[in-house]
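Peer 1: coordinates only, sequence not included:
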């Protein structure tokens, strides 16, 4: 299982870290021994929407070969929906088994053409923007449409992470991770 | 209002980002115009417990002059409780109006001597370790003991952040921030 966590300038850090924390515990708590992840960007250094700098572990040309690609949201997503270079890069995830987003990350999946005729969600305030790319916007915290899994606003990243843990390693693993994270949902 | 978010090697990124996200919205959503924050470290580059690199916005010699210092937890806290250089640095926060921690960050506040005779909490699995430094361990998600505010494990960072938002800017501001974060507690 190879996972690419995408990071980009102007993103919301919690969209990324919220899902990252639980998913990497699948490895650190020994539920999936061959889990491998990269924090991927097209740049060597990324700054979130508030000026916080985050370092990618890998600057990659292509997302081919990952089983799962996870795209966070944030104000910077609005710059990237018209950035042909970025979208060309994101489109290399087409063959990945799971394309996943948090918050306005779904706008990027949409702009890459992944949401045509599909069901998805986004931040409650971004549903109108998503209509441009997605035919069926569902008002749920997590929308699982097979190879496409999208989540609501910022903190839904945590619920999404636990959802992915259960999907990849079962309910018992998810429950132990949830307890370790002291999450009380 | 000047806030120092402490970061260090081996920390848990979500402990930091969970409280950071809401607190910086006090500024970005215009509730506290003169809010200033630094992401502070003794090093130029910090790597969390999973290999993720985070950049401090400021490498500082002293924490004097901040109104609030916020310390995350993580496996790396166990190295720092015996690190006299680090503790000397953390002790410069003594005069700060609020000393705040998430998860095992309370072990660091304790090792710096801030918890003598005080009430505090920590990650549920770290309560025994905290006994060394703290006389009254309270099994609550957030423990407010005046100038000392401590929170439970990892995801309690989000609840703590919203708690601080309400404390600093009132319930209405907190509620608007909570909605923007799409947090459903």
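Peer 2: The structure has been received and is ready for your questions. Nothing here was measured: the structure is a model prediction, and the numbers come from that model. Numbers count the residues shown, from 1 in each chain, chains lettered A, B, ... in the order given.

Peer 1: Nearest residue to the middle of chain A?
Peer 2: residue A:70 (2.7 Å; CA atoms, centre = their mean).

Peer 1: Name the residues of the helix or strand hosting residue A:19 that come out as buried.
Peer 2: Using DSSP states H and E, the element containing residue A:19 is helix A:13-28. For helix A:13-28, the neighbour count (16 or more other CB atoms under 10 Å in any protein chain shown) marks A:13-27 as buried. To be clear about C-beta, it is placed using only N, CA and C from the backbone, and glycine gets the same treatment.

Peer 1: Quickly check: the lowest-mean-pLDDT helix or strand in chain A near chain B or not.
Peer 2: With mean pLDDT, DSSP states H and E as the measure, the helix or strand of chain A carrying the lowest mean pLDDT is strand A:58-59 (a mean of 90). No - judged by CB under 8 Å from any CB of the partner chain, strand A:58-59 stays clear of chain B, getting no closer than 11.2 Å.

Peer 1: C-terminal to that strand, what's the next element?
Peer 2: Following strand A:58-59 in sequence order, the next helix or strand is strand A:68-71 (DSSP H and E).

Peer 1: Need the contact partners of the next helix or strand after that following strand.
Peer 2: The helix or strand immediately downstream of strand A:68-71 is helix A:77-80, counting by DSSP H and E. If you take CB atoms under 8 Å, 6 or more residues apart in numbering or on different chains as the criterion, helix A:77-80 is touched by A:8, A:9, A:10, A:11, A:86, A:87, A:104, A:105, A:107, A:108, A:111.

Peer 1: same deal with stretch A:33-41?
Peer 2: So stretch A:33-41 is contacted by A:1-8, A:20, A:23-24, A:26-27, A:54-60, A:63, A:66, B:52 (CB under 8 Å, 6+ apart).

Peer 1: all strands for chain A, in order.
Peer 2: Using DSSP state E, the strands of chain A run over A:2-6, A:36-41, A:46-47, A:53-55, A:58-59, A:68-71, A:98-101, A:119-120, A:136-137, A:142-145, A:148-151.

Peer 1: Quick one: work out the angle between the second one and strand A:2-6.
Peer 2: For the pair strand A:36-41 and strand A:2-6, the angle between their directions (axes from the mean of the first three to the mean of the last three CA atoms, to 10 degrees) equals 20 degrees.

Peer 1: So what are the sheet partners of strand A:36-41 and their directions?
Peer 2: Partners of strand A:36-41 in the sheet, by DSSP bridges, are strand A:2-6 (parallel), strand A:58-59 (parallel).

Peer 1: Take those strands and lay them out in CSV including distance to residue B:34 and mean neighbour count.
Peer 2: Listed next are these as CSV, based on distance: least, CB to CB, whole Å; neighbours: other CB atoms under 10 Å in any protein chain shown:
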stretch, distance to residue B:34, mean neighbour count
strand A:2-6, 35, 24
strand A:58-59, 38, 12
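
Peer 1: Flag whichever of the ones you listed has the least confidence on average.
Peer 2: When the strands paired with strand A:36-41 are ranked by mean pLDDT, strand A:58-59 comes last with a mean of 90.

Peer 1: contact partners of that one?
Peer 2: Contacts to strand A:58-59, defined as CB under 8 Å, 6+ apart, come from residues A:38, A:39, A:40, A:41, A:42, A:43, A:44.

Peer 1: Give me every residue in chain A lying close to chain B.
Peer 2: Counting by CB under 8 Å from any CB, the residues of chain A that sit close to chain B are A:12-14, A:17-18, A:20-21, A:24, A:28, A:39, A:45, A:49-55, A:57, A:103, A:123-125, A:141, A:152-156, A:158, A:180-184.

Peer 1: 6 Å - rerun?
Peer 2: With CB under 6 Å from any CB of the partner chain as the criterion, chain A meets chain B at residues A:13-14, A:17, A:21, A:24, A:50, A:53, A:55, A:152-156, A:181-183.
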